[in-house]
Structures are given as structure tokens and as C-alpha cells.
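mind folding the following:
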Amino acid sequence: MGYAVKEMFLTLQGEGVQAGRRAVFVRFAGCNLWSGREQDRASAVCRFCDTDFVGTDGDGGGKFADASALADAVAAKWGGEPERRFVVLTGGEPMLQVDAALVAALHDRGFMIAIETNGTLPVEPGIDWVCVSPKAGSTVVQRSGNELKLVWPQPGSDVDAMETWAFDHLLVQPMDDARGAANVEAAVAMAMARPRWRLTLQNHKALGLR
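The predicted structure is shown next:
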């Protein structure tokens, strides 16, 4: 199958357990929680998205004919020695496009594969690091993985239920919107009240990274 990618770039992972790690980010076009049209924003499940996942016109983006072509492009972005290769599949919602062929092609090129997903679709088997970021109002079916990253505050989130899911790490991240410091205070308060949760910040924004 073909793949539509908004953008692809080499950077450092800015958040979560893998923060600080060199990574190729592949941002897939499209999301199942928002059509991408501005007129639909008011009815979207996820109203706080801070990324542009519409189209294929971003840096490194485009349409890739097959898994081999996309994996070759990822390897070219990494460059240098093929050691400790790490790719982050994100979006939008990457599981609208990620399949077994792409997982195999990236593994063949020596990449550890991470995915950042809203969890409304099951993650393709074989992905090495699974990060689920649930959105209030959606139905999460991927209830296991390496890290659960909850953007906070999100009214309507069932935090008690999330604590029964099978994740190695539970992370709470302040929502990046106009409320600023109030969201940081809310996220800190949650981590203080619920010791299973750890605070994570978007370090890439503070450092001016992509």
C-alpha cells in the first residue's frame, strides 16, 4: 500500500520516557478524531491538537508508493552510522496507515520503532515502543503498551480506569494552550495526588526543537 506523510525530520524526542533520544519523526497525514477541516473543529473529539497533519506538503513529506520507499526515506533522514536507529511514527493518527509491511521494512533497516497514537485503533504487532495518548470522549482499544501519556486537564477522562490498563509508565503532560501555568499546576497536582503518575514536559518546545 502507499503512505501519505505530512512531514519527516531528524530531531531529539522531546517528551516521555524516551526524551532526549535522537529520532526520525514520521508524521502521517490524517486523523480519525478530526477531519482536518477548520469548520469541523468545534465538533472534534480532540480540540487541542497542536500539530498540522493535513496534506503531504511538509518538510520531508510526500506520498510513498510502498513500505520500502518510505523506510529508505527514513534511513536517509537518519544518515551516518546504522547504530541505535530510532524512528517515531506519529500524526495525526499513524495507525490509519501503519501496517505489517512498514514495520518489517523499518526493522530490516535496523530501526527501533516507536508509535504515538490516540489508542482508538489497535497497534500493529511488532512495534517496539507504544505510547498511547487518550482523548476524552474517544474509545481507547489499545489498553497496553510502554507509556500512557495523558494530556491534562481533560474533563471527562476516566483516570481510575486508565490506572487498570497494562502500561509500564503513566505520564501526565500539561496541555499546551492559553491557560498555560494553570495547566502546569493541574498536571503537577495530579502527579502529587496519584504517585503512579509522572510529570512529563514538552522539552522540544522549550528548546526550540521540532
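
show me which helix or strand of this protein is least confident by mean pLDDT.
helix 203-207 (a mean of 66; mean pLDDT, DSSP states H and E).

now the helices for this protein?
With DSSP state H as the criterion, the chain has helices at 67-78, 100-108, 159-162, 181-193, 203-207.

and the ones you listed, which one's lowest on average pLDDT?
Mean pLDDT is lowest for helix 203-207 among the helices of the chain, at a mean of 66.

please report how far T120 lies from V132.
Applying C-beta to C-beta, to the nearest Å, the value for T120 to V132 is 9 Å. (C-beta placed from N, C-alpha, C; glycine too.)

comparing the two, which residue is more hemmed in?
V132 (25 against 20; other C-beta atoms under 10 Å).

residues in contact with the closest residue to that one other than its chain neighbours?
Nearest-residue entry for V132: G119, 3.9 Å, with adjacent residues in sequence omitted and distances by C-beta to C-beta, 6 or more residues apart in numbering. Going by C-beta atoms under 8 Å, 6 or more residues apart in numbering, G119 touches V132, S133, P134, S138, V140, V141, Q142, R143.

adding distance to A29, write those out as CSV.
Putting the contacts of G119 into CSV (distance: C-beta to C-beta, whole Å) gives the following:
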residue, distance to A29
V132, 20
S133, 18
P134, 22
S138, 19
V140, 22
V141, 22
Q142, 20
R143, 26
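
which non-adjacent residue is nearest L148?
F167 (4.2 Å).

that neighbour pairs with what?
Per DSSP bridges, the residues bridged to F167 are G145.

contacts only, for it.
V132, S144, G145, N146, E147, L148.

mind pulling up the pLDDT for it?
Reported pLDDT for F167: 98.

again with V54
Taking V54 on its own, its pLDDT is 75.

and for D177?
D177 carries a pLDDT value of 81.

in a markdown table: the helices of the chain, plus mean neighbour count.
Formatted as a markdown table, the helices of the chain follow (neighbours: other C-beta atoms under 10 Å):
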| stretch | mean neighbour count |
| --- | --- |
| helix 67-78 | 18 |
| helix 100-108 | 18 |
| helix 159-162 | 13 |
| helix 181-193 | 15 |
| helix 203-207 | 13 |
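
on that earlier part again, out of the contacts of F167, what pair is the most spread apart?
S144 and E147 (11.0 Å; C-beta to C-beta).

more neighbours, the two?
The residue with more neighbours, out of S144 and E147, is E147; 22 against 13, by other C-beta under 10 Å.

so how far is A69 from that one?
Counting by C-beta to C-beta, the separation of E147 from A69 is 30 Å.

do the same with M190
Counting by C-beta to C-beta - M190 and A69 are separated by 43 Å.

before we move on, what about M95?
20 Å.

cool, and V140?
From V140 to A69 the distance is 32 Å (C-beta to C-beta).

ok, the residue nearest to the spatial centre of the chain to R198 distance?
For the chain, E116 is the residue whose C-alpha lies nearest the centre (C-alpha atoms, centre = their mean; 2.5 Å). According to C-beta to C-beta, E116 stands 17 Å off from R198.

same question, L171
Counting by C-beta to C-beta, the gap from L171 to R198 is 5 Å.

quick revisit: so for T120 and V132, which residues contact both of them?
By C-beta under 8 Å, 6+ apart, the residues touching both T120 and V132 are V140, Q142.
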